[in-house]
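Peer 1: kindly generate the corresponding structure for this input.
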Amino acid sequence: MRHRLSGLSLANLVVTMASFATTARTATMMFRPALAFVSLSPSSLGPRLPAVASSRLFVSTAPQGFTGVPRKFVPTPFDYHKELTLRVDALTNLGIGICRHRLKEEEDPSVAEAPTETRGGGGWVIMVPNVIPGELIRCRVYRNHKSYSDADLMEVVEASPDRVNPACELAAVCGGCQYQHMTVARQREWKARQVDELFERVAGLEGGEIDRPDVLPTVGTDEVYNYRSKITPHYDRPKDGAIEAIGFKQKSSRRIVDVPYCHIATDAINDKLEKVREDKFAEAREGRLRRPKKGATVLLRDANEGVVTDNNEYVTTPVRDLTFRLRAGNFFQNNPFMLPVMVDLVVDAASRPHIRTGEFMTHLIDCYCGSGLFALGSASHFDTCVGIEVNDEAVKEARVNAELNGVGNCRFVSASAEAIFESKDAVTVGEDGIDVLVDDFPRDTTTVVVDPPRKGCSEEFLEQLNAFQPARVVYMSCDPSTQARDAKYLVETAGYEVASIQPLDLFPQTRHIECLAVFERK
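Peer 2: I've put the predicted structure just below:
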């Protein structure tokens, strides 16, 4: 049975969800948590949502049948399930709404001595998912922290004109997507705004050509659903010989939401997912799971060879006129529609003439190069390219990919990024096989491409980059907060200026932001 429900109206959502109970497994998985109800007032819905009396689409944080107060609940400043009506101020980098409530002394006797930024002028912060800045909402508190509270959304009293019906019936519950209730245009606007705020707050760089150019509008493609070419749903340890759910973690807890169909995964993946789920449920019932006493993650990668579920199987995938070969379980960007756009932006930024000298770049160093995506994509624009990657397996793949695509001016080194500038191992380049040291690359015409993991660049790497002083640094990041932190060092300590900041929407419907920042040596 295919559970694919695009464009559901809010009025029939509960009926549709209830219809899933006709299958025993779905009934067990979807209705295990207790339901909490959320409604949107008809007068507030605007042109994008139908006027309905009441729509119920949220799952509470409480286990089924739980009616009391959790044992570890801290009753300050709010009682358990205290209901509040609040205006949404902004979104966190996790896609959660930020609301504020000015505390009264009867809610918290210590309010008089509390810090003004949390309890006085700014108000106590309440985090609420599935909301849009500007909306007036009713929420219910379920957890108090030292400086903020978490709450479930109960009702949208005044809806934003950018609120839309999620394509997925699980969007309010599943932690895989945070923004399905928001137009894509508003999603991208917020992603650019968040990048701008991070560069101002974390890097201390004010926009408007004061310390840096303004952040550019977020770039994306028209494929905003069914775009993701790899997913990794999970299941917990079977209970009584049965897997309870295969899917992704709930937004507000570590419980797994059963996901029969993922609306951001490709159609081919969803076709395969149906069979994979049937097989896993059967293996658990029949005692055939490889590790019956543990949970596991299931891989589905859509590639030229079809949808692959074996982490160690080799697959190929095209990017423009290049073909990349890699193990199915290894890292590779998972939006094939956006990936060519991403590579084009990096290549253009890396290869354009220097903004001050007008000189063309001749050498490229690709740090954290993975399977060689940016180095191989840029190779035709440079005399020499060197990639460095700490993962030995990825380096082997990069070398194979260079050979597979007939690229002769790229070399790949297996080492940490910190080692590239101080390496005394010669790199053989060019058709004549000349041995050179990276330290001998011409600084004035060398670009360094940086694509680190979420934690950003290490202090040691930044210090070596500063000592090397390439003409340009092209920094791709999957976490703009650590990118902004590193930008502060590059500007204040290493003497670079910000040439451009370009957010990319690789994962529509989610909070995730890729960001390309270009730094030129002064």
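
Peer 1: who's the nearest residue to I246 once chain neighbours are set aside bridged to?
Peer 2: Leaving aside its sequence neighbours, I246 sits nearest to Y235 (CB to CB, 6 or more residues apart in numbering; 4.6 Å). Backbone N, C-alpha and C define where each C-beta goes, glycine included. On the basis of DSSP bridges, Y235 is bridged to A296.

Peer 1: which residues does stretch 304-317 contact?
Peer 2: 229, 268-269, 271-272, 276, 298-301, 303, 318, 323-329, 332, 336 (CB atoms under 8 Å, 6 or more residues apart in numbering).

Peer 1: and that stretch, how far apart are its ends?
Peer 2: 6 Å (CA to CA, to the nearest Å).

Peer 1: centre of the chain to that stretch, how far?
Peer 2: Distance of stretch 304-317 from its chain centroid, counting by CA atoms, centre = their mean, to the nearest Å, is 23 Å.

Peer 1: likewise for stretch 125-137?
Peer 2: Distance, centroid of stretch 125-137 to centroid of chain: 20 Å (CA atoms, centre = their mean).

Peer 1: stretch 184-201 now?
Peer 2: The answer for stretch 184-201 is 14 Å, by CA atoms, centre = their mean.

Peer 1: same deal with stretch 142-157?
Peer 2: Remark: stretch 142-157 is offset 23 Å from the chain centroid, using CA atoms, centre = their mean.

Peer 1: ditto for stretch 412-419
Peer 2: Worked out by CA atoms, centre = their mean, stretch 412-419 lies 26 Å from the chain centre.

Peer 1: same thing with stretch 220-227?
Peer 2: That offset, for stretch 220-227, works out to 15 Å (CA atoms, centre = their mean).

Peer 1: residues making contact with it?
Peer 2: By CB under 8 Å, 6+ apart, stretch 220-227 touches 6, 167, 184, 188, 263-267, 270, 335-338, 341, 504-505, 508-509.

Peer 1: and the residue nearest to I246, what does it touch?
Peer 2: Contacts of Y235 by CB under 8 Å, 6+ apart are 243-247, 256, 280, 295-296, 298.

Peer 1: filter the residues you listed to the buried ones?
Peer 2: Neighbour-count burial (16 or more other CB atoms under 10 Å) applied to the contacts of Y235 gives 243-247, 256, 280, 298.

Peer 1: so D222 is in which element?
Peer 2: Under DSSP states H and E, no helix or strand contains D222.

Peer 1: cool, and V257?
Peer 2: Here V257 is assigned to strand 256-258, by DSSP H and E.

Peer 1: okay, now E286: neighbour count?
Peer 2: 9 (other CB atoms under 10 Å).

Peer 1: ugh, typo on my part, it should be G456
Peer 2: Count around G456 with other CB under 10 Å applied: 22.

Peer 1: before we move on, back to that, helices - which of the contacts of stretch 304-317 land there?
Peer 2: Those of those mapping onto helices are 268-269, 271-272, 276, per DSSP state H.

Peer 1: and the two most separated of those?
Peer 2: A268 and V276 (12.3 Å; CB to CB).

Peer 1: quick one, helices of the chain?
Peer 2: 13-19, 24-30, 116-119, 184-201, 267-285, 339-351, 373-378, 392-404, 459-468, 480-492.

Peer 1: show me where the stretch 51-200 of the chain has strands.
Peer 2: Under the criterion DSSP state E, counting those that start in this stretch, the stretch 51-200 of the chain contains strands at 58-59, 83-91, 97-101, 124-128, 136-144, 148-158.

Peer 1: how is the chain divided into domains?
Peer 2: 33-165, 189-222+333-521, 230-317 (automatic domain parsing).

Peer 1: coming back round to it: nearest to H381, of the strands of the stretch 51-200 of the chain?
Peer 2: Nearest of those (CB to CB): strand 83-91, 37.7 Å.

Peer 1: follow-up on the earlier one: ok, of the strands of the stretch 51-200 of the chain, where does mean pLDDT dip lowest?
Peer 2: Lowest mean pLDDT of the strands of the stretch 51-200 of the chain: strand 58-59, a mean of 48.

Peer 1: next, format the buried ones among the contacts of Y235 as JSON lines and append distance to P353 and pLDDT.
Peer 2: What follows is the buried ones among the contacts of Y235, written out as JSON lines (distance: CB to CB, whole Å; pLDDT from 0 to 100):
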{"residue": "I243", "distance to P353": "57", "pLDDT": "95"}
{"residue": "E244", "distance to P353": "59", "pLDDT": "95"}
{"residue": "A245", "distance to P353": "55", "pLDDT": "97"}
{"residue": "I246", "distance to P353": "52", "pLDDT": "97"}
{"residue": "G247", "distance to P353": "49", "pLDDT": "98"}
{"residue": "I256", "distance to P353": "52", "pLDDT": "96"}
{"residue": "K280", "distance to P353": "54", "pLDDT": "96"}
{"residue": "V298", "distance to P353": "48", "pLDDT": "96"}
